[in-house]
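**Student:** sequence and computational prediction follow.
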Amino acid sequence: MRKLSAITFVFMLLVLVLSCSTNKHITNSETISSENAGSSKLVETINMISPSILKIDVLGFYKTWYFKEEDLMRRGTINFDKIDAECIFSEISSESVSGTAIVLSTTSEICGMITCAHIVDFPDTLYTYHDLNKTIIRSVSIKQEQNIYESGKSLQNDIEIVAMDAKTDLAFLKRTIPATQVIPPPFSLKKGKVEKLQWGSKIYVLGYSLGKFLITEGIVSVDKSMSKRFISDALFNKGISGSPVFGIQEGSTDYVWLGMASSSASQSFDYLEPKESTLGFPISNKEVYEAAVVKNKQLINYGVTYSISIEEIVTFVDNNKLAINLAGFDAELIISK
């Protein structure tokens, strides 16, 4: 009898273990299945919109003239007709910026894109000064030429600025498409509503971060003081400006377009860099003060990304309908999508 009870106990224990093991296996399968479904939806969305996201490069050429402090050169005293004779030396330099653009409209010959204004807005004239009051000019740089083009394409694909607003940091661009090239499709995600974003809402940024096509995940923080922008902890790197921001909002299972990555918190400082001589080595220390070049560097505070809302993008297109229509696009169709 005692032996039978022992056998019964072992049998019941075995049934209990198998029962727990079976339940655990089903639960895990359901979880994995759910995760795969979400991952599959994201991959599907990325594959759908990636042909509409382009990397753009901007190259600007400047001629810079330098002056001695004792020349007491001021803005009103520069004679540009005689500037080559008045300066101590001059040089030609180039500045380059890369970013991301989103295709909004296409025809058989042209492509309309939106991006951040700061990517394509190279100033015509730049000044540096000898004094902190910024009165005595040390150098003046004047833009000689600027080229905007899709990365990897020839200058046949030169891009022009149709409309730009530095305050909202938005620019609408136009590119002529040669007959030999594939026409990129317009961005196809439906517009969402930034006002529906909550603390902890998950978003994704897809663009050319550091020149590589990357997907970045972020969590939204609600900042009521920023009605036209929203903030997330998505990792910001150079090149990501202009990238679409998208996510799934409450009540839907589809991804929607929420805005465009614009900027990150950063610190800026100027420093002096000795000019290279024509012989390929730095000039003497005695001449460094006369020939040093003022450079600017920005240190990005990684982990914070500011994004322009989709509502602000729609408003920008609406405000620039005339220019966009004259460029060969249907602004109303862009807004209604």
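**Tutor:** Sure, I can see it. Since the structure is predicted, the reported quantities are computational estimates derived from the model, not experimental observations.
**Student:** just the strands from the stretch 1-150 of the chain, written as ranges.
**Tutor:** Counting by DSSP state E, counting those that start in this stretch, residue ranges of the strands within the stretch 1-150 of the chain are 53-66, 89-106, 110-115, 125-129, 137-150.
**Student:** among those, which is the most enclosed?
**Tutor:** Looking across those with neighbours counted as mean count of other C-beta atoms under 10 Å, the highest average goes to strand 110-115: a mean of 24. (Glycine included, C-beta is placed from N, CA and C.)
**Student:** name the residues that touch that one?
**Tutor:** 54, 56, 99-106, 159, 162, 170-177, 183-184, 241-242, 260, 313, 316-317, 324, 327-329, 334 (C-beta atoms under 8 Å, 6 or more residues apart in numbering).
**Student:** please repeat the previous calculation with a cut-off of 7 Å.
**Tutor:** 54, 56, 99-106, 170-177, 183-184, 242, 313, 328-329 (C-beta atoms under 7 Å, 6 or more residues apart in numbering).
**Student:** tell me the mean pLDDT for that strand?
**Tutor:** In this model, strand 110-115 carries a mean pLDDT of 95.
**Student:** start at 84, not 1
**Tutor:** With 84 as the first residue, the last one maps to strand 193-198.
**Student:** that strand pairs with which strands?
**Tutor:** When sheet partners are counted by DSSP bridges, strand 193-198 sits next to strand 172-189 (antiparallel), strand 253-259 (antiparallel).
**Student:** got the ones you listed as TSV, with distance to Tyr291 columns?
**Tutor:** Output for the strands paired with strand 193-198, formatted as TSV (distance: least, C-beta to C-beta, whole Å):
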stretch	distance to Tyr291
strand 172-189	5
strand 253-259	15
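**Student:** tell me which residues in stretch 299-309 are buried?
**Tutor:** 299, 301, 303 (16 or more other C-beta atoms under 10 Å).
**Student:** next step: those restricted to strands.
**Tutor:** Within these, membership in strands is found for 299, 301, 303, as judged by DSSP state E.
**Student:** for Leu405, see how far away the nearest residue to the first one once chain neighbours are set aside is.
**Tutor:** I take that to be Thr299. Leaving out its chain neighbours, the residue that sits closest to Thr299 by C-beta to C-beta, 6 or more residues apart in numbering is Val288, at 4.5 Å. Taken as C-beta to C-beta, to the nearest Å, the spacing of Val288 relative to Leu405 amounts to 31 Å.
**Student:** still on that earlier bit, save the strands of the stretch 84-233 of the chain as TSV, and put in distance to Asp164 too.
**Tutor:** Compiled in TSV, the strands of the stretch 84-233 of the chain are given as follows (distance: least, C-beta to C-beta, whole Å):
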stretch	distance to Asp164
strand 136-149	13
strand 172-189	14
strand 193-198	37
strand 208-212	16
strand 220-233	13
